[in-house]
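K.L.:
Okay, sequence plus prediction incoming.
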Amino acid sequence: MWMNAKVPSRNARCSSSGMTHSPSALDSILPTPRLVEVDSVDLGVPPEQAWELIRHSDLGRSPLVRALFAMRTLPSRLSGQEVEEMSLRLDDFESSPERPGFQVLHEAPPHEIVVGAIGKVWQLDIPFVHVRGTHAFAAFRERGFVKVAWAIRLSRLGERDTHVAIEVRVDATDDDSWRKFCRYFRVIGPGSRFIRRSVLAALAREHGTPESKETERPLPGDELLADAIAQVTNGITIQASPEAIWPWLVQMGCRRAGFYTINTLDNGGVRSAREIHPELQDLHVGDRLPATPKGEDGFDVLRLERSRVLVLGGLYDAARKRQIPFAGPRPERFWQVTWAFVLERLGDRTTRLHVRVRAASPNMGRIHRVWIGQVHRLMEAIQLQNLAARAEGRLPSDDWHDVAEGMRGAVVIACAMATPFLRGKRSHWGVDTAAAQRLYPGDELVPEPRWAWTHGVEIEASMAEVWPWIAQVGADRAGFYSYQWLENLAGCNIRNAESLHPAWEVCVGASLKLHPSAAPLRVVRVEPGRFFVARAEADPTARASGKSWIEATWLFFLEPLGAKRSRFISRYRCACSEDIVTRIQFGPTLLEPIGFAMDRRMLLGVRKRVDRMAPNLARSKPPQALRGEGRPCDSR
């Protein structure tokens, strides 16, 4: 018997881990099995060819498989009975009243074939029962037997490959027969499992898998460099649609979203993007993706088919050390490369990403080809894994960059706590004393703060370029652009945004959340493009009765310093009751060092994002501004 399963307990139904079941003929032939098991393999041939190979060839050619079958028939041989030569040729599966056994119950070329038998498989000389066809098999109810059916199903995988699945089902006509089968299968199961896996492995070995044939198949872009002397092909299967993967590809490039590989080598040490950037999605043939932190050299976009093909390339004059048009005449000493990304849809949410680099150069020696090929394989493998993690939504909240930054933030906090005598100087970091002592919007809400800060940073960008980043801050929106790892260590569950999300823009009545378990501040004033004020209002009843209370405002303020220069100011003011507990919890002793470190980092985080993205934002449509400071919005 050809199957692979764990023996379930009485009346239990089991299936292999990760099994996905689609409707098949087995659902009508053996609809309520007590055991289900599926194994599968992907073959590098189309379904029509795979069907011919499986349907008419001997699937049990392996010497070990034959040996296992010989062991199963050994008692019959020792008793002198005539035993037919073992075969796993589906053409030979026939049953008759005179010679009952396994038979083909259903066939739908080139998609599915179902084989089944009824018998007392736990006996040395199995007494089979012959039934006429599918309906008789399904209707059989005589006690003392098990019903075994297995299907081989073929489904198209992408454009030219095949997914082959073998599903085995077993049921019994009564509980006593099922117990006998379970005892039998504890002995015979390992051999049955080996047979099935050996058959699938032999198919993959003899006819190839999609991965093994990946290097042989032509890909779009090959024709652009017909005389390539070196080629490296990689691939990965991603659990996402081509449409979900495509935005990550088109935003690649140094000084853009990076290349998702070793950032110190190919992105100037800047971390590759962890989200899709709308302002980087408008890519066209003829554009150039920068390859270095400085300079104009990079990868020209040679071919682009949305959600399908992206071919990059470059022609480099080795003597003059400069890039020239890809289609131009080659100089005497040159490098020319193509880099193709091809998305092949395998299913609704499964895609094979093929990546191929081809190179031509009259000066490339064999040793040079070998070492540069190995470096590329390493970096490409990292790139593909990181691309898959992004497209599948598997990126961790914090990576090593976040941890390293958080550790530096912890040092800043520790130094601030150790220097309370510098609190006055820290209270106006980034601005002079005069700027800190000015009146700002919202000051009247906390006219006599117990403590406060006014921090600022100057940014080489207009207010229109800076405001969208400020307008989306919040723990439940874009984060605070600060030490993310430290905030998440405190349970904030934050991911700092890298791009703009117009739907998150602040408005009057919105909540500014700082922590999931803390009461949010309420946004009470907004002047779009200029400032907003968030407030924590004291409980008037508690304040009147002498109980503990706290009130605070947080102002996010922009002011112009020129046509392309502005200053972002963060101003926090806090007052609280005189009781010792409240003063410790909300006073400056503990909160000021933390607030200084986190707020300073937020200001620098905004500047970093604006500096990096301002050129792209200038070309994109700005988010719609709120009109009027009294415009309400849904409470968050």
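P.N.:
Here it is on my side, so go on. Residues are numbered from 1 along each chain as shown.

K.L.:
Show the subsequent helix or strand relative to the helix or strand of the chain with the lowest mean pLDDT.
P.N.:
One helix or strand of the chain scores below all others by mean pLDDT, DSSP states H and E: helix 74-78, with a mean of 52. Using DSSP states H and E, the helix or strand that follows helix 74-78 in sequence is strand 103-108.

K.L.:
Could you tell me the average pLDDT over the helix or strand that that following strand is followed by, please?
P.N.:
For strand 103-108, the succeeding helix or strand toward the C-terminus, using DSSP H and E, is strand 112-119. For strand 112-119, the mean pLDDT works out to 95.

K.L.:
begin at 285 from here
P.N.:
Sounds good: first residue 285 from here, last item strand 396-403.

K.L.:
Return the list of helices and strands in contact with strand 396-403.
P.N.:
Packing contacts for strand 396-403, counted by 3 or more CB pairs under 8 Å, 6 or more residues apart in numbering; DSSP states H and E, involve helix 310-313, strand 387-392, strand 412-413, strand 430-441. The way it works is simple: take the backbone N, C-alpha and C, and place the C-beta from them, glycine included.

K.L.:
Could you export these as TSV, including distance to Ala624, mean neighbour count and mean pLDDT?
P.N.:
Shown next, in TSV, are the helices and strands packed on strand 396-403 (distance: least, CB to CB, whole Å; neighbours: other CB atoms under 10 Å; pLDDT from 0 to 100):
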stretch	distance to Ala624	mean neighbour count	mean pLDDT
helix 310-313	41	18	93
strand 387-392	37	18	94
strand 412-413	55	18	95
strand 430-441	20	22	94
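
K.L.:
Let's have the ones you listed in a markdown table, adding distance to Asp506.
P.N.:
Formatted as a markdown table, these follow (distance: least, CB to CB, whole Å):
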| stretch | distance to Asp506 |
| --- | --- |
| helix 310-313 | 42 |
| strand 387-392 | 37 |
| strand 412-413 | 55 |
| strand 430-441 | 22 |
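
K.L.:
Nearest to Ile479, out of these?
P.N.:
strand 430-441 (11.5 Å; CB to CB).

K.L.:
contacting residues around Gly442?
P.N.:
Taking CB atoms under 8 Å, 6 or more residues apart in numbering, we find Gly442 in contact with Pro494, Glu628, Arg629, Leu630, Arg636.

K.L.:
measure it to Gly631 for me?
P.N.:
According to CB to CB, to the nearest Å, Gly442 and Gly631 sit 9 Å apart.

K.L.:
Please apply the same query to Ser312.
P.N.:
To Gly631, Ser312 is 25 Å away according to CB to CB.

K.L.:
can you give me the strands for the stretch 735-884 of the chain?
P.N.:
Under the criterion DSSP state E, counting those that start in this stretch, the stretch 735-884 of the chain contains strands at 735-743, 795-796, 805-811, 815-820, 834-846, 849-860.

K.L.:
Deepest in the core, which of the ones you listed is it.
P.N.:
strand 815-820 (a mean of 24; mean count of other CB atoms under 10 Å).

K.L.:
what about Pro531, neighbour count?
P.N.:
18 (other CB atoms under 10 Å).

K.L.:
repeat for the one 10 residues further on
P.N.:
Burial of Ala541, expressed as a neighbour count using other CB under 10 Å, amounts to 26.

K.L.:
Glu443 is in contact with Glu628, isn't it?
P.N.:
Yes. With contact defined as CB atoms under 8 Å, Glu443 reaches Glu628; the gap is 5.9 Å.

K.L.:
which one of those two has more residues nearby?
P.N.:
Per other CB under 10 Å, whichever of Glu443 and Glu628 has more neighbours is Glu628, with 20 against 11.

K.L.:
Reduced to three states, what does the more buried one come out as?
P.N.:
Taken by DSSP: H, G, I helix; E, B strand; the rest coil, the conformation at Glu628 corresponds to strand.

K.L.:
So in terms of bridging, what pairs with it?
P.N.:
Taking DSSP bridges, one obtains Arg636 as the residues bridged to Glu628.

K.L.:
Return the residues in contact with it.
P.N.:
Glu628 touches Gly442, Glu443, Pro526, Thr635, Arg636, Leu637, His638, counting by CB under 8 Å, 6+ apart.

K.L.:
go on, Ala700?
P.N.:
Ala700 sits next to Leu706, Arg710, Glu876, Pro877, Ile878, Phe880, Ala881 when contact means CB under 8 Å, 6+ apart.

K.L.:
circling back to that earlier point, show me which of the contacts of Gly442 is closest to Asp455.
P.N.:
For the contacts of Gly442, the residue nearest Asp455 by CB to CB is Leu630; the value is 32.4 Å.

K.L.:
is it true that that closest one touches Ile522?
P.N.:
No. Using CB under 8 Å, Leu630 is not in contact with Ile522; the gap is 9.2 Å.

K.L.:
and for these two, which residues touch both?
P.N.:
Shared contacts of Leu630 and Ile522, defined by CB under 8 Å, 6+ apart, comprise Arg636.

K.L.:
Next, name the residue at the spatial heart of the protein.
P.N.:
Glu676 (2.4 Å; CA atoms, centre = their mean).

K.L.:
mind checking how far it is from Ala524?
P.N.:
Note on Glu676: its distance to Ala524, by CB to CB, is 6 Å.

K.L.:
and His638, what is it in contact with?
P.N.:
If you count contacts by CB under 8 Å, 6+ apart, His638 has them with Glu498, Leu503, Thr517, Asn518, Gly519, Ala624, Phe625, Val626, Leu627, Glu628.

K.L.:
Buried residues of the helix or strand containing the fourth one, list them for me.
P.N.:
Asn518 belongs to strand 514-522 when assigned by DSSP H and E. Buried residues in strand 514-522, counting neighbours by 16 or more other CB atoms under 10 Å, are found at Ala514, Val516, Thr517, Asn518, Gly519, Ile520, Thr521, Ile522.

K.L.:
Go ahead and confirm the last one touches Ala672.
P.N.:
Yes. With contact defined as CB under 8 Å, Ile522 and Ala672 form a contacting pair (4.6 Å).

K.L.:
any shared contact partners between the two?
P.N.:
With contacts taken as CB under 8 Å, 6+ apart, Ile522 and Ala672 have Leu637 as neighbours in common.

K.L.:
Pretty sure Ser556 sits in a helix.
P.N.:
No. Per three-state DSSP, Ser556 lies outside any helix segment and is coil.

K.L.:
for it, phi and psi?
P.N.:
Dihedral pair for Ser556: phi -70, psi 150, per degrees, to the nearest 10.

K.L.:
so what pLDDT did it get?
P.N.:
Looking at Ser556, the pLDDT reads 95.

K.L.:
How about the contacts made by it?
P.N.:
Ser556 makes contact with Ala541, Gly542, Phe543, Tyr544, Thr545, Asn547, Asn670, according to CB under 8 Å, 6+ apart.

K.L.:
need the helices for the stretch 685-834 of the chain, in chain order.
P.N.:
In the stretch 685-834 of the chain, the helices defined using DSSP state H, counting those that start in this stretch lie at 707-710, 717-721, 747-754, 768-773, 824-828.

K.L.:
oh, I was asking about the stretch 535-684 of the chain
P.N.:
Going by DSSP H, counting those that start in this stretch, the stretch 535-684 of the chain shows helices at 547-550, 650-675, 684-701.
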